[in-house]
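Participant: Build the 3D model from these lines:
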Amino acid sequence: MATSIEIKWNTLDISQWEERFNRLPYSNFLQSYSYAKAYCPHARQKARWGLVMIDGREAGLLQIFEACLFFKAFHAVMVDRGPLWFEGFGNAMHIKRVFEELNRQFPPRFGRKRRILPEVEDGQSIRKMLGQLGLQRLERESHQTIWLDLQKRDEDIVAGMNTRWRNNILQSEKADLSIEWDIMGAHALWATGVYAADKAFYKYGGPSPQFLQKYIPHLVKDGNYVLGRAVSKGQPVAFVLFVKHGRSATYLAGWSEKDGQVSLAHHLLFWQGIKMLKEQGIKELDLGDVNNDNAKGIKEFKEGLGGRVVRHVGHYI
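Facilitator: Prediction:
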């Protein structure tokens with residue numbers, strides 16, 4: 001029996017969308033409503049919120065962004081790390097049907113730009129299937145991230161870390177550091193300032209400081225902002241920014257100056273942050289990009305936590 005597909009656009013009010021989003025395992029911040037509220041005015045785009053129906057049952061959610069000119073003569077549609085699936089859905093047939101439907105609704109044509117970044121793990125079979133649907137893969141490195149399971153006991157999370165990471169936690173706990181947690185945005189202006197200067201100097205990837213300045217007020221309002229900073233001798237030496245989205249969270253940005261690096265402040269911030277997120281009901285932590293263009297130290301730092309490396313299928317048009 002063929003699998004039926006329907007994407008119901010904008011039929012849920014925000015409270016209904018949020019209630020469903022909060023049930024999604026392994027969600028990402030790019031599909032969250034907090035992100036849409038900041039991104040759309042910033043990029044001059046509009047969002048659509050889709051309820052994915054498989055054989056008449058609610059199967060998942062999909063947030064897309066659009067921009068158009070001259071009555072859609074010029075049209076852009078962006079699918080960033082979607083769709084997201086409820087428990088029991090998201091098999092190969094479901095993935096095929098949803099991208100088949102998206103391709104039917106937004107076919108390639110003159111004047112239309114498509115950016116499709118499926119939240120689908122990479123593999124030859126999935127690449128072949130998407131190609132057969134008419135999606136064209138760009139020859140770029142696939143997005144990679146690391147997911148850390150916060151449903152494990154603390155001691156099991158520690159056991160999954162490499163030896164160096166475990167030793168560095170012990171060393172950081174002995175350092176002259178105090179940790180301050182901010183959920184109301186009190187340190188947001190300071191954090192985006194030092195992040196902007198650091199990013200400009202070292203030229204690494206990550207969200208732009210300008211976007212963070214627009215994004216953080218929405219995160220604070222929605223209760224999705226968690227910023228920790230390490231202080232030594234009265235001076236902040238490092239920070240980490242976690243973004244919550246439903247039952248999941250993402251490490252979005254960080255900074256450390258020399259004293260913070262010497263005292264291993266990021267190890268203490270992450271370990272305390274993991275425990276805090278667990279207490280707040282967060283079940284999965286996305287550690288963010290670990291692509292090969294990351295600084296070597298950043299990639300090794302994230303890998304040392306011992307989570308599951310996930311490589312997505314890539315960028316399609």
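Participant: Please pull out the lowest mean pLDDT helix or strand from this structure.
Facilitator: Lowest mean confidence among the helices and strands of the chain (mean pLDDT, DSSP states H and E): helix 296-303, at a mean of 88.
Participant: Show me the contact partners of it.
Facilitator: Applying C-beta atoms under 8 Å, 6 or more residues apart in numbering, the external contacts of helix 296-303 come out as 146, 162, 204, 266, 287-288, 290, 292, 309. C-beta coordinates here come from the backbone N, C-alpha and C atoms, glycine included.
Participant: mind showing which ranges of this structure have poor pLDDT?
Facilitator: Applying pLDDT under 70 to the chain picks out residues 1-2, 292-295.
Participant: Glu119 contacts Gly314, doesn't it?
Facilitator: No: applying C-beta atoms under 8 Å as the test, Glu119 and Gly314 come out as separate, 11.6 Å apart.
Participant: Neighbour count: the two, which is higher?
Facilitator: The neighbour count for Glu119 versus Gly314, taken as other C-beta atoms under 10 Å, is higher for Glu119 (24 against 20).
Participant: Got phi/psi on Val290?
Facilitator: The phi and psi torsions at Val290 (degrees, to the nearest 10) take the values phi -130, psi 40.
Participant: how much space between it and Lys296?
Facilitator: As judged by C-beta to C-beta, to the nearest Å, Val290 and Lys296 stand 11 Å apart.
Participant: Look at these two and report which has more neighbours.
Facilitator: Using other C-beta under 10 Å as the criterion, Val290 and Lys296 rank with Val290 on top: 20 against 8.
Participant: Give me the buried positions along stretch 227-241.
Facilitator: Residues of stretch 227-241 classed as buried by neighbour count (16 or more other C-beta atoms under 10 Å): 227-232, 236-241.
Participant: Sort out for me which of those residues are in strands.
Facilitator: Mapping the buried residues of stretch 227-241 onto strands (DSSP state E) picks out 227-232, 236-241.
Participant: Tell me how this protein divides into domains.
Facilitator: Domain assignment for the chain by automatic domain parsing gives 5-137, 146-311.
Participant: The nearest residue to Leu84 once chain neighbours are set aside: what secondary structure?
Facilitator: Leaving aside its sequence neighbours, Leu84 sits nearest to Leu24 (C-beta to C-beta, 6 or more residues apart in numbering; 4.8 Å). On the three-state scheme (DSSP: H, G, I helix; E, B strand; the rest coil), Leu24 is labelled coil.
Participant: rewinding a little: taking the ones in strands among the buried residues of stretch 227-241 together, which two end up most distant?
Facilitator: Largest separation among those by C-beta to C-beta: Ser232 and Leu241, giving 19.2 Å.
Participant: Phe89: neighbouring residues, count only.
Facilitator: 17.
Participant: Surely it touches Asp55?
Facilitator: No: using C-beta under 8 Å, Phe89 makes no contact with Asp55, being 10.0 Å away.
Participant: Asp125 and Ile95 touch, don't they?
Facilitator: Residue 125: Ser, not Asp. No: using C-beta under 8 Å, Ser125 is not in contact with Ile95, being 10.6 Å away.
Participant: which of these two has more neighbours?
Facilitator: Neighbours per residue, other C-beta under 10 Å: of Ser125 and Ile95, the larger number sits with Ile95, 20 against 8.
Participant: Quickly note the distance from the more buried one to Gln144.
Facilitator: The gap separating Ile95 from Gln144 is 19 Å, by C-beta to C-beta.
Participant: quick one, strands of the stretch 201-317 of the chain?
Facilitator: Secondary structure of the stretch 201-317 of the chain, counting by DSSP state E, counting those that start in this stretch: strands at 225-232, 235-245, 248-256, 284-286, 308-311.
Participant: I meant the stretch 1-150 of the chain, not that one.
Facilitator: For the stretch 1-150 of the chain, the strands defined by DSSP E, counting those that start in this stretch cover 5-9, 46-54, 57-69, 74-82, 84-85, 112-118, 144-149.
Participant: and the ones you listed as a markdown table, adding distance to Ile216 and mean neighbour count?
Facilitator: Listed next are the strands of the stretch 1-150 of the chain as a markdown table, based on distance: least, C-beta to C-beta, whole Å; neighbours: other C-beta atoms under 10 Å:
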| stretch | distance to Ile216 | mean neighbour count |
| --- | --- | --- |
| strand 5-9 | 29 | 15 |
| strand 46-54 | 19 | 19 |
| strand 57-69 | 20 | 18 |
| strand 74-82 | 19 | 19 |
| strand 84-85 | 23 | 24 |
| strand 112-118 | 23 | 18 |
| strand 144-149 | 21 | 18 |
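Participant: Can you tell me which of those strands is nearest to Val262?
Facilitator: The closest of these to Val262 is strand 144-149. By C-beta to C-beta, the value is 25.2 Å.
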